[in-house]
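*Asks:* only geometry, no sequence info:
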């Protein structure tokens, strides 16, 4: 839906009071959290997507990784999942549908979870995803808006997926780039999450449909402005020529429109994003995590992530003291 979603309608809904509800739909978080005991809380999330690649098994993997990511964004551990399959029976054969489910299951297993059921319905547009349950200690939840002044932001995956999957749908992507983006999207954020648990994390979110800047909007709080260094933001460079040609998903354009007035750009001519600023709004599928960590821990965390195989991890910005005279998010 982009940033202009149904949150204004959901905000009118009223839950009965329950002091075990730690995070619900009014918090703009990646998942809900319900306390089960003083040391255990349930993390719940749900997500599904239309096909982003042609291979049904890989599509299932990507859709599952995308849904599982919300548990990792809260600092949680995946426990179990339910399949959500909207099956276009008239155009999608059974063996294709089976491959989607097998791809999803492979990622649930990789996450250390189990599949315990699901629900299927007929639809004229193919969709697949998961409802995921995980656990986290109630006092160790990573919220998305807890960044403090002087925190450093680290991003774990490159951006540009939205533009490239749009190019793929138009049959403009070569096989090598298809394989590259498939691998990025199918990679779980589990590894990055587990590494980061050894450090002080003040805030975390994952980069998906709102794009990089849209999710940074959710990381704002009254005490900070955010400054991002465009030269260090990891980008899949194959997205640049397509962005210049205007091969851009509508979700990315909607994100850009929704963030007008919140962001300012002062890009140098040497910036990778000069002339293709739209990529900073690009709607991602199964993107990386962003960690806000104290400055003194940032380089240690970055080194640990890379040593653990999170090779694209980069320090991309800092949290500065709030100033009404500056843009809430500045990109330099």
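*Replies:* Here it is on my side, so go on. All values reported here derive from a predicted model rather than from experimental measurement. Residues are numbered from 1 along each chain as shown.

*Asks:* now stretch 161-178, how far from the centre of its chain.
*Replies:* Relative to the centre of its chain, stretch 161-178 is centred 19 Å away, using Cα atoms, centre = their mean, to the nearest Å.

*Asks:* ends of that stretch, what's the gap?
*Replies:* 10 Å (Cα to Cα, to the nearest Å).

*Asks:* now do it, average pLDDT.
*Replies:* Taken as a whole, stretch 161-178 has a mean pLDDT of 97.

*Asks:* now that stretch: buried residues?
*Replies:* Buried residues in stretch 161-178, counting neighbours by 16 or more other Cβ atoms under 10 Å, are found at 161, 162, 163, 164, 165, 166, 167, 168, 169, 173, 177, 178. From N, CA and C alone the C-beta is placed, and that goes for glycine too.

*Asks:* of those residues, which belong to helices?
*Replies:* 161, 162, 163, 164, 165, 166, 167, 168, 169, 177, 178 (DSSP state H).

*Asks:* which residue, other than its chain neighbours, is closest to the residue lying farthest from the centre of the chain?
*Replies:* Relative to the centre of the chain, the most outlying C-alpha is that of residue 90, 31.6 Å out, by Cα atoms, centre = their mean. In space, and not counting its chain neighbours, residue 90 is closest to residue 124: 7.6 Å by Cβ to Cβ, 6 or more residues apart in numbering.

*Asks:* rewinding a little: save the ones in helices among the buried residues of stretch 161-178 as a markdown table, and put in distance to residue 289 too.
*Replies:* Formatted as a markdown table, those follow (distance: Cβ to Cβ, whole Å):
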| residue | distance to residue 289 |
| --- | --- |
| 161 | 15 |
| 162 | 18 |
| 163 | 21 |
| 164 | 20 |
| 165 | 20 |
| 166 | 23 |
| 167 | 25 |
| 168 | 24 |
| 169 | 26 |
| 177 | 23 |
| 178 | 24 |
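
*Asks:* which of those residues sit farthest apart?
*Replies:* Within those, two members stand farthest from each other by Cβ to Cβ: 162 and 178, at 14.8 Å.

*Asks:* what is the rounded mean pLDDT of stretch 92-110?
*Replies:* 96.

*Asks:* run through who's touching that stretch.
*Replies:* Stretch 92-110 has contacts (Cβ atoms under 8 Å, 6 or more residues apart in numbering) with 55-65, 68, 78, 81, 83, 85, 87, 114-115, 126, 128, 130, 186, 188, 190.

*Asks:* in it, what counts as buried?
*Replies:* If you call a residue buried by 16+ other Cβ under 10 Å, then stretch 92-110 has these buried ones: 92, 96-97, 99-101, 103-108, 110.

*Asks:* report the buried members of the contacts of stretch 92-110.
*Replies:* Judged by 16+ other Cβ under 10 Å, buried ones among the contacts of stretch 92-110: 55-65, 68, 78, 81, 83, 85, 87, 115, 126, 128, 130, 186, 188, 190.

*Asks:* any idea of the mean pLDDT in stretch 63-73?
*Replies:* Stretch 63-73 comes out at a mean pLDDT of 98.

*Asks:* wait, stretch 281-297
*Replies:* For stretch 281-297, the per-residue pLDDT averages 97.

*Asks:* what about that stretch, start to end distance?
*Replies:* For stretch 281-297, the end-to-end distance is 28 Å (Cα to Cα).

*Asks:* may I see the buried residues of it?
*Replies:* Under the neighbour-count criterion of 16+ other Cβ under 10 Å, stretch 281-297 has 281-293, 297 buried.

*Asks:* quick check: bridge partners of the residue lying closest to residue 40 once chain neighbours are set aside?
*Replies:* Nearest non-adjacent residue to residue 40, counting by Cβ to Cβ, 6+ apart: residue 135, 5.9 Å away. Going by DSSP bridges, residue 135 is paired in beta bridges with residue 42, residue 77.

*Asks:* and residue 135, how many neighbours?
*Replies:* By other Cβ atoms under 10 Å, 16 other residues sit near residue 135.

*Asks:* ranges for the helices of the stretch 51-200 of the chain?
*Replies:* Remark: helices assigned in the stretch 51-200 of the chain by DSSP state H, counting those that start in this stretch are 56-73, 94-110, 161-169, 175-186, 190-196.

*Asks:* make CSV out of the buried residues of stretch 161-178 and add distance to residue 247.
*Replies:* Formatted as CSV, the buried residues of stretch 161-178 follow (distance: Cβ to Cβ, whole Å):
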residue, distance to residue 247
161, 13
162, 10
163, 6
164, 9
165, 10
166, 6
167, 5
168, 10
169, 10
173, 10
177, 13
178, 15
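
*Asks:* and those, which two are the farthest apart?
*Replies:* 162 and 178 (14.8 Å).

*Asks:* which residue ranges of the stretch 201-332 of the chain form helices?
*Replies:* Along the stretch 201-332 of the chain, the stretches classed as helices by DSSP H, counting those that start in this stretch are 211-219, 239-244, 250-258, 295-307.
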